[in-house]
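> Quick one: sequence and predicted model below, then my questions.
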Amino acid sequence: MNFYITTPIYYANAELHIGHGYTSVITDVLKRFHTLFGEESFFLTGMDEHGAKVEEAALAQGKTPQQLCDENYLKFVESLKTLGISYNHFIRTTSDRHKKGVQKLLTTLWNAKTPDGQSAIYQGKYEGLYCIGCEKFITEKELTPEGLCPNHLSKPKLVSENNWFFRLTSYLDKVEEHIRSGRIRIMPEGRRNEVLGLLKQGLNDFSISRERLNWGIDIPFDPSQKTYVWVDALPNYITAIGYGDDPEMFDKWWNKSQVVHLMGRDILKFHAIFWPALLMAAELRLPDIMFIHGYLSLNGQKISKSLGNVISNEHLAEQFGRDAARYLLVSQFPFHLDGDISYPRLYEKYNSDLANDYGNLVSRVVKLTIANFDGKIPPSDGTSDDHSDELAGLISTTPQKVSEQIRNIDVLSAVESIWALIRAANRYFDYNKPWELAKQGNHAKLANVLHRSLEAVRIAATLTWPIMPQKSEVVFNMLGVAPGYQPSIDLAGRQDVLKAGTVLNPLDNIFPRLQAPKEEKVETAKPADTELPEGIVTIDDFFKTKLVVAEVVACENVPETSKLLKLQIAIGEDKRQIVAGVAEYYKPEEMVGKKIVVVANLKPTKIRGIDSNGMLLAAKKGKELKLVTVDGDIPSGATVG
RNA sequence: GGCGGUGUAGCUCAGCUGGUUAGAGCAGCGGAAUCAUAAUCCGCGUGUCCGGGGUUCAAAUCCCUGCACCGCUACCA
């Protein structure tokens, strides 16, 4: 079976940081493990270059969008290189190949009929709030309390236009079926449930084109429109492997491979629902696995530009070395959970696993061999000695174990299995005390012990090759097996690979111990206020909320809702409108004339598309709700506090 | 509000369909050793398995309920 694995394509306007690096390293490690297993494997990554945001950014910098993308492409490639990412192809959505593939897909969809005989694509009108950053329409409910896009903290625009729609709704049943049956395996389980939950709630058809977009792929059947994000981005997974121009390649990597998509949870819906539906409409094979990895945080804080705690791939690689950085990213926490990176822990892990266990093993074995056997691999007569059975047992079982763990996308457990072997090798070495054998002149046993230990080193380097390929090459070279040594899972299970008499090439320590920088303490955390008990606020905090008395001058139900009232209120001279979820407790006519207490300085928002400029206060317990009003008469506008 | 997830040693986490004294790594403590990168090896954990009920001969593991945190979602604002 071939193995085809993809990362999401990274947005051209972003800066690649450790989050992207993490995704890429996971993918790279998985791909290399499959190579180690002897499978043909293909690793795709790339960039998503179209969209209004790229265009705007280019304009702001006085460049053409293409120029900007070209520049960022070079940066992306450079950044991925620092982590040793060995992708087979980097797809650019501005490439001819991709454009051609997308147009082929669109033409196919244009001619496609849904299972119930309707055309898969139809023309419709779309109106909604559109966030340029997200490249998507967002609903009012998604907005922050300030009415901004939650991801970009920018104000969405109201957009209305004709565009082409994909009849997603006709495919939802089938999609659900495939997810339930496991034909499309969504990992981990929790994410699968989330998708099923989404399907249960129902989704709408989605639009696949935009008329106001310049920077995008032409719609083949309508020159006035450009392709809209998901039908441009998602097909990268097939255009990159020849959907549009290389049927043989496409057949090999799409039809005859295990297809694995890796992603973060933000794009799960599009991958788990939209993508299979599009593929079904185009009568193409479905992907096999969607793996949703967790997000990285840094010292407990979300990694984000605005918080200023973005850490670059280059930085991590510089700090620990390329391969060690990869190891640290992959061995700290399970992929499916969010993980927190902290420098002290990174250094701890580096020193204990890489310097102490692995690096030191290599160093002690090689140096003792060189000192006693003239720098050559000594012969072994295969007799067992102290703890050699334990080591041999691990050597024969670990490869199988590791391959099972990797097939479950559980690299953390695989790492643990490999390290159990490395520790056993250290243990074996200690039990047999080769340094004493040397002093005693027991060369026969010494030869055995060192030969076994050298094989163990070779095996460790073979098993860790997918994670730390460069270091493994160094070890292979040190053992005199390189070049020409193709690490494979089979070779990791054998103890008869090294040839007696081979000259070792001594090298420096592969993982020198590192001292954590003393003042890596970037954390100022909070200005260390006067230590307030949990849940206690100061009077200043309280008065940030401006409470005033308002009079309800008019009130009506919000149509098609059961809980919402729209009310016009007067705060002194100031008139404003608020929406409140109290319709189940108060009739509109009861509200008029009431003096209520409202939060006056709440950021305006929209509820069900209606402006709301404040929030009224009410007391609620169980099924009872009462408005907060004032005792006696006081003019509206009076402050409360 | 609805759905889902998580809550196990100081830290990061394993513990599948219930069954010997609840585990690993790291940190910590004690010891051995000195080939090696002050690395290694051996020994050391009385943990309210979040709380409370229940089912069972037997529950961290199943059921109910409460709490906390997280995710998705909603006519919360």
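Okay, I see it. Numbers count the residues shown, from 1 in each chain, chains lettered A, B, ... in the order given.

> Tell me how far the residue sitting nearest the centre point of chain A lies from A:M290.
Closest to where the C-alpha atoms of chain A average out (Cα atoms, centre = their mean) is A:G264, at 3.5 Å. Using Cβ to Cβ, to the nearest Å, A:G264 is found at 11 Å from A:M290. All C-beta spots, glycine's among them, are computed from the backbone N, C-alpha and C.

> Quick check: the residue of the stretch 251-400 of chain A nearest RNA strand B.
Using Cβ to the nearest atom of the strand, the single residue of the stretch 251-400 of chain A nearest to RNA strand B is A:G359, 2.0 Å away.

> How about the contacts made by the closest residue to that residue other than its chain neighbours?
Excluding its sequence neighbours, the residue lying closest to A:G359 (Cβ to Cβ, 6 or more residues apart in numbering) is A:F511, at 3.5 Å. A:F511 makes contact with A:G321, A:A324, A:Y350, A:L354, A:A355, A:Y358, A:G359, A:K471, according to Cβ atoms under 8 Å, 6 or more residues apart in numbering.

> Around the first one, count how many other residues there are.
When neighbours are defined as other Cβ atoms under 10 Å, A:G321 has 21 of them.

> Can you show me the helices along the stretch 401-550 of chain A?
Under the criterion DSSP state H, counting those that start in this stretch, the stretch 401-550 of chain A contains helices at A:411-432, A:434-440, A:443-463, A:469-478, A:539-543.

> In JSON lines, list those along with mean pLDDT and mean neighbour count.
JSON lines is the format used below for the helices of the stretch 401-550 of chain A (pLDDT from 0 to 100; neighbours: other Cβ atoms under 10 Å):
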{"stretch": "helix A:411-432", "mean pLDDT": "93", "mean neighbour count": "19"}
{"stretch": "helix A:434-440", "mean pLDDT": "95", "mean neighbour count": "15"}
{"stretch": "helix A:443-463", "mean pLDDT": "96", "mean neighbour count": "23"}
{"stretch": "helix A:469-478", "mean pLDDT": "96", "mean neighbour count": "20"}
{"stretch": "helix A:539-543", "mean pLDDT": "63", "mean neighbour count": "9"}
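
> Can you classify A:I91 as helix, strand or coil?
A:I91 falls in the strand class when you classify it by DSSP: H, G, I helix; E, B strand; the rest coil.

> what residues are up against it?
Per Cβ under 8 Å, 6+ apart, neighbours of A:I91: A:I9, A:L44, A:T45, A:G46, A:M47, A:R97, A:H98, A:N236, A:T239, A:A240.

> Verify the stated contact: the fourth one with A:I9.
Yes: between A:G46 and A:I9 there is a contact under Cβ atoms under 8 Å: 4.2 Å.

> which one of these two has more residues nearby?
Between A:G46 and A:I9, A:G46 has the larger neighbour count (other Cβ under 10 Å), namely 26 against 23.

> I'd guess that one is in a helix, am I close?
No: assessed by three-state DSSP, A:G46 does not belong to a helix; its assignment is strand.

> Nearest residue to it in space, ignoring adjacent ones along the chain?
Spatial nearest neighbour of A:G46, chain neighbours left out: A:I91 (3.3 Å); criterion: Cβ to Cβ, 6+ apart.

> Read off the pLDDT value for the one you found.
Per-residue pLDDT puts A:I91 at 97.

> any idea how far it is from A:T239?
7 Å.

> Common neighbours of these two, please.
A:R97, A:H98.

> Using JSON lines, please lay out the contacts of A:I91 together with pLDDT.
Putting these into JSON lines (pLDDT from 0 to 100) gives the following:
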{"residue": "A:I9", "pLDDT": "94"}
{"residue": "A:L44", "pLDDT": "97"}
{"residue": "A:T45", "pLDDT": "97"}
{"residue": "A:G46", "pLDDT": "96"}
{"residue": "A:M47", "pLDDT": "95"}
{"residue": "A:R97", "pLDDT": "96"}
{"residue": "A:H98", "pLDDT": "97"}
{"residue": "A:N236", "pLDDT": "96"}
{"residue": "A:T239", "pLDDT": "97"}
{"residue": "A:A240", "pLDDT": "97"}
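
> which residues does the closest residue to A:A618 other than its chain neighbours contact?
In space, and not counting its chain neighbours, A:A618 is closest to A:L627: 5.0 Å by Cβ to Cβ, 6+ apart. Listed by Cβ under 8 Å, 6+ apart, the contact partners of A:L627 are A:V582, A:Y586, A:K594, A:I596, A:L616, A:L617, A:A618, A:A619.

> Quick check, the first one in contact with A:K566.
No: applying Cβ under 8 Å as the test, A:V582 and A:K566 come out as separate, 11.2 Å apart.

> Am I right that A:P115 falls within a strand?
No: counting by three-state DSSP, A:P115 is not found in a strand; it is coil.

> Just give the number of residues close to it.
Neighbourhood size, A:P115 [other Cβ under 10 Å]: 12.

> so who does it touch?
Shown in contact with A:P115 (Cβ under 8 Å, 6+ apart): A:S170, A:Y171, A:K174.

> And stretch A:41-55, how far out from the chain middle?
How far stretch A:41-55 lies from its chain's middle: 15 Å, per Cα atoms, centre = their mean, to the nearest Å.

> Repeat that for stretch A:456-470.
So, by Cα atoms, centre = their mean, the centroid of stretch A:456-470 is 26 Å from its chain's centroid.

> Any residue of that stretch touching RNA strand B?
No: using Cβ under 7 Å from any atom of the strand, stretch A:456-470 stays clear of RNA strand B, with a minimum separation of 11.0 Å.

> So A:E436 versus A:L504, what's the distance?
Relative to A:L504, and taking Cβ to Cβ, A:E436 is found at 22 Å.

> just A:E56 next, same as before
Taken as Cβ to Cβ, the span from A:E56 to A:L504 is 59 Å.

> Then A:Y327?
To A:L504, A:Y327 is 24 Å away according to Cβ to Cβ.

> And these two? Which one has more around it.
Between A:Y327 and A:L504, counting by other Cβ under 10 Å, A:Y327 is the more crowded of the two (25 against 21).

> Contact residues of the stretch 201-350 of chain A facing RNA strand B?
A:Q201, A:R265, A:D266, A:K269, A:Q332, A:F333, A:P334, A:L337, A:D338, A:G339, A:R345, A:E348.

> Could you give the secondary structure assignment for the third one?
Each residue gets one of three states, and A:D266 gets helix by three-state DSSP.

> What about it, how many residues nearby?
Other residues close to A:D266 by other Cβ under 10 Å number 12.

> and the gap between it and A:H451?
In terms of Cβ to Cβ, A:D266 sits 52 Å off from A:H451.

> got a list of contacts for the helix or strand where A:M280 lies?
Element membership of A:M280, judged by DSSP states H and E, is helix A:275-281. Residues outside helix A:275-281 that contact it (Cβ under 8 Å, 6+ apart): A:105, A:108-109, A:112, A:114, A:120, A:166-168, A:171-172, A:174-175, A:178, A:184, A:230-231, A:234-235, A:237, A:261, A:285-287.

> For stretch A:579-586, C-alpha coordinates in PDB please.
The C-alpha trace of stretch A:579-586 is given here as PDB (Å, rounded to 0.1, in the frame of the first residue of the first chain):
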ATOM      1  CA  VAL A 579     -32.200  43.400  22.100                       C
ATOM      2  CA  ALA A 580     -32.800  41.200  25.100                       C
ATOM      3  CA  GLY A 581     -33.600  37.600  25.600                       C
ATOM      4  CA  VAL A 582     -36.600  38.000  27.900                       C
ATOM      5  CA  ALA A 583     -39.600  37.400  25.600                       C
ATOM      6  CA  GLU A 584     -40.500  34.300  27.500                       C
ATOM      7  CA  TYR A 585     -41.000  36.300  30.700                       C
ATOM      8  CA  TYR A 586     -42.300  39.700  29.500                       C
END
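
> can you list contacts of that stretch?
Contacts with stretch A:579-586, where a contact means Cβ under 8 Å, 6+ apart, come from A:557-558, A:561-567, A:607-608, A:610-612, A:615-616, A:618, A:624-627.

> again, but for stretch A:22-33
A:3, A:5-8, A:41-43, A:45, A:80, A:83-87, A:260, A:262-264, A:293, A:296, A:326, A:329-330, A:335, A:402-403, A:406, A:409, A:411, A:414, A:465-467, A:469.
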